[in-house]
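Enquirer: Turn this into a model:
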Amino acid sequence: MNTQWLDTADTLHFSTSSRSSVRSSKEEEDLYQALTVSFRNRIAEQEHKPEDSYKSMIENWTHLQTQREALTHKRTRALKDRLAAAVQHREMGLIQKEQDRFLLERNGTSDDYFYLIQAWIRCGELKRATVAFEQLEKESLISNGSTGRKDYGNSGGKQKKPLVTIKILAAMIRAHSRAGNLATAGSMVQKMSQQKLKPTSIYDLSALLEYTIRVANAQANPLTTPEAGSETLTNEIQRTEVPHSALHSREIGLGTLQESLDPNKAQVHLIWEAIEPQLKPTNAPSTSPLPAASASRSNNSSFAYRTYLTYLVNKASDMDRAAELVDRLYARSISPELEKHPKTAFTTLQNLTQNGYLTEAQKLLDQSDGAVAKAIPEALAAKAWSDLMEAYMYRKEFQRARWAYNDMIRHGIVPNTVSKKIYVDLQQMHTTEDRDDGNSSHRAG
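Expert: This is a model prediction of the structure:
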């Protein structure tokens with residue numbers, strides 16, 4: 001075999017691109033050889049142990065795994081940004097393109113699928129989100145071989161493909177619950193229970209909380225809730241109750257749960273008991289010893305608090321429990337952010353005031369610099385404060401009524417006729433005074 005052309009190719013390949021480049025001098029070559037020999041001698045003199053080889057292999061594997069995870073995280077972050085932009089501009093085609101790519105390449109992680117499903121949900125495309133979820137389930141089956149066994153999330157052994165996680169199930173439970181698809185949401189809860197996935201984060205638990213509240217409300221008002229398919233509402237509720245095994249953490253209340261005539265209501269309280277210890281201050285001041293929550297955690301905390309509070313006040317009429325809840329979380333600087341839902345906020349404040357829980361109503365009005373009253377219509381905001389003042393007057397707590405007026409002015413709420421009249425009457429009584437915080441100059445105009 002003629003190898004002359006191979007030698008020529010090697011010469012051309014290893015030659016430099018510039019004619020000005022020259023080989024190293026003889027002195028440089030000698031120095032290189034000497035250093036090489038010295039290095040080899042030092043290696044030979046060292047004592048080698050068998051575990052050194054394993055240590056080197058482990059370090060190398062760890063380094064490669066870290067690099068791989070960093071690249072995966074970077075790719076997922078880029079996908080999240082693309083999907084967020086697509087949701088903002090309502091670009092359904094871009095979201096579908098990402099989903100098709102997952103199906104073609106089969107390299108999507110569980111986080112990738114979570115952001116994809118979340119994008120469909122935020123666009124109001126629950127059917128497409130469900131299709132993406134079913135696609136992920138198929139990928140889970142393929143990754144587990146021909147056993148046909150569905151394996152979600154954190155099971156033992158190495159997984160070739162990302163599987164359904166509890167965060168994805170929580171997103172589906174929340175979306176279907178809000179859409180009124182309690183049967184579908186219940187099937188997601190059953191998957192969570194069957195695979196022994198334990199909801200621990202506020203996001204996961206708040207999804208279960210919202211679902212259980214809706215089931216409890218549906219059970220209390222069966223005639224006003226549409227049936228799912230051909231099943232009656234009663235069968236649906238019986239089939240979709242939150243299993244005990246799906247609830248992680250504290251076992252407080254299990255005895256009450258079993259003995260209760262309405263287990264769904266007991267489950268609501270049980271889920272909340274797992275959420276409350278995780279809550280952190282919504283907007284902790286710089287001088288506060290308590291760390292403030294991150295943006296996403298703060299949103300999840302306020303959502304869970306708001307959901308539970310409005311359920312207690314407006315649905316369950318459990319005012320004592322609601323009052324204790326407000327007092328506890330107000331002391332921890334945690335806000336339900338009722339201002340995000342003005343109509344619900346006004347109804348909640350009105351129910352608390354009418355039932356005599358004035359201190360709690362005022363705490364909610366004062367929280368976050370009076371954000372609740374600023375969010376609802378001006379007339380309703382003034383009425384919320386005037387109702388509070390009237391209730392204080394009825395109790396003959398005249399000083400508190402006057403301070404309530406001061407707080408209303410401090411938060412920038414324009415008083416209505418009722419509030420002004422009460423304030424004038426209080427001035428004429430000469431038994432009360434304004435708060436000594438700069439509001440004493442405010443008078444009823």
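
Enquirer: quick one: residue 345 and residue 337 touch, right?
Expert: No. Counting by C-beta atoms under 8 Å, residue 345 sits too far from residue 337 to count as a contact (9.2 Å). Bear in mind the C-beta positions are built from the backbone N, C-alpha and C, glycine included.

Enquirer: Could you check which of these two is surrounded by more residues?
Expert: Taking neighbours as other C-beta atoms under 10 Å, residue 345 and residue 337 compare with residue 345 leading, 26 against 22.

Enquirer: so which strand or helix has that one?
Expert: helix 342-354 (DSSP states H and E).

Enquirer: So for that helix, what gets flagged as buried?
Expert: 342, 344, 345, 346, 348, 349, 350, 351, 352, 353 (16 or more other C-beta atoms under 10 Å).

Enquirer: got CSV for those residues, with distance to residue 101 and pLDDT too?
Expert: As requested, the buried residues of helix 342-354 are exported to CSV (distance: C-beta to C-beta, whole Å; pLDDT from 0 to 100):
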residue, distance to residue 101, pLDDT
342, 41, 93
344, 40, 94
345, 42, 95
346, 46, 95
348, 45, 96
349, 49, 96
350, 51, 96
351, 50, 96
352, 51, 97
353, 54, 96
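
Enquirer: For these, could you give me TSV that also reports distance to residue 131?
Expert: Shown next, in TSV, are the buried residues of helix 342-354 (distance: C-beta to C-beta, whole Å):
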residue	distance to residue 131
342	35
344	32
345	36
346	39
348	37
349	42
350	42
351	41
352	43
353	47
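
Enquirer: On the pLDDT front, check the nearest residue to residue 278 once chain neighbours are set aside for me.
Expert: Nearest residue to residue 278, sequence neighbours excluded (C-beta to C-beta, 6 or more residues apart in numbering): residue 202, at 5.4 Å. pLDDT for residue 202: 94.

Enquirer: Please apply the same query to residue 164.
Expert: 82.

Enquirer: repeat for residue 331
Expert: With respect to pLDDT, residue 331 has a value of 94.

Enquirer: now residue 354
Expert: 96.

Enquirer: Next, work out how far apart it and residue 331 are.
Expert: Distance, residue 354 to residue 331, using C-beta to C-beta, to the nearest Å: 24 Å.

Enquirer: picking up where we left off before, phi first, then psi, for the residue nearest to residue 278.
Expert: Here the main-chain torsion angles of residue 202 (degrees, to the nearest 10) amount to phi -60, psi -40.

Enquirer: What is the burial count for it?
Expert: Residue 202: 26 neighbours (other C-beta under 10 Å).

Enquirer: so how far is residue 83 from it?
Expert: Per C-beta to C-beta, residue 202 is found 23 Å from residue 83.

Enquirer: Give me the neighbour count for residue 88.
Expert: Quick note: residue 88 (other C-beta under 10 Å) scores 9 neighbours.

Enquirer: Got the confidence number for it?
Expert: Residue 88 is assigned a pLDDT of 94 by the prediction.

Enquirer: quick one: contacts for the residue nearest to residue 278?
Expert: 275, 278, 279, 297, 300, 301, 304 (C-beta atoms under 8 Å, 6 or more residues apart in numbering).

Enquirer: Select from those the one having the most neighbours.
Expert: residue 301 (27 neighbours).

Enquirer: State the helix or strand in which it lies.
Expert: Assigned by DSSP H and E, residue 301 belongs to helix 295-310.

Enquirer: Now that helix: buried residues?
Expert: Residues of helix 295-310 classed as buried by neighbour count (16+ other C-beta under 10 Å): 297-310.

Enquirer: for stretch 191-206, same thing?
Expert: Neighbour count says stretch 191-206 has 191, 192, 193, 195, 197, 199, 201, 202, 203, 204, 205, 206 buried, by 16+ other C-beta under 10 Å.

Enquirer: what about it, how long is it end to end?
Expert: The straight-line separation of the ends of stretch 191-206 (C-alpha to C-alpha, to the nearest Å) is 17 Å.

Enquirer: Show me the shaky parts of the stretch 301-445 of the chain.
Expert: Residue ranges of the stretch 301-445 of the chain with pLDDT under 70: 437-445.

Enquirer: Helices of that one, residue ranges please.
Expert: In the stretch 301-445 of the chain, the helices defined using DSSP state H, counting those that start in this stretch lie at 319-331, 342-354, 358-375, 378-394, 398-410, 417-429.

Enquirer: so which of the contacts of residue 202 would you say is closest to residue 68?
Expert: residue 297 (27.8 Å; C-beta to C-beta).

Enquirer: Settle this for me: the closest one is touching residue 280, isn't it.
Expert: Yes. Residue 297 is within contact range of residue 280, at 6.7 Å (criterion: C-beta under 8 Å).

Enquirer: just the helices in the stretch 151-300 of the chain please.
Expert: Counting by DSSP H, counting those that start in this stretch, the helices of the stretch 151-300 of the chain are 166-178, 182-194, 202-220, 233-239, 254-259, 263-275, 295-310.

Enquirer: Distance to residue 401 for those helices - can I get that in JSON lines?
Expert: Output for the helices of the stretch 151-300 of the chain, formatted as JSON lines (distance: least, C-beta to C-beta, whole Å):
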{"stretch": "helix 166-178", "distance to residue 401": "40"}
{"stretch": "helix 182-194", "distance to residue 401": "45"}
{"stretch": "helix 202-220", "distance to residue 401": "35"}
{"stretch": "helix 233-239", "distance to residue 401": "45"}
{"stretch": "helix 254-259", "distance to residue 401": "39"}
{"stretch": "helix 263-275", "distance to residue 401": "33"}
{"stretch": "helix 295-310", "distance to residue 401": "25"}
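
Enquirer: Which one of those helices has the poorest average confidence?
Expert: helix 254-259 - the lowest mean pLDDT of those, at a mean of 38.

Enquirer: that older thread, looking at the helices of the stretch 301-445 of the chain, spot the one closest to residue 186.
Expert: That would be, of these and by C-beta to C-beta, helix 342-354, which comes in at 24.8 Å.

Enquirer: now that closest one, how far from the chain's geometric center?
Expert: Distance of helix 342-354 from its chain centroid, counting by C-alpha atoms, centre = their mean, to the nearest Å, is 25 Å.

Enquirer: now stretch 380-399
Expert: Distance of stretch 380-399 from its chain centroid, counting by C-alpha atoms, centre = their mean, is 36 Å.

Enquirer: Mind listing what's buried along it?
Expert: 380-393, 397-398.

Enquirer: Report the central residue of the chain.
Expert: The C-alpha lying nearest the average C-alpha coordinate of the chain belongs to residue 203 (C-alpha atoms, centre = their mean; 3.8 Å).

Enquirer: tell me the contacts of it?
Expert: Residues near residue 203 by C-beta under 8 Å, 6+ apart: 167, 170, 300.

Enquirer: how close does it sit to residue 418?
Expert: Using C-beta to C-beta, we find residue 203 at a distance of 42 Å from residue 418.
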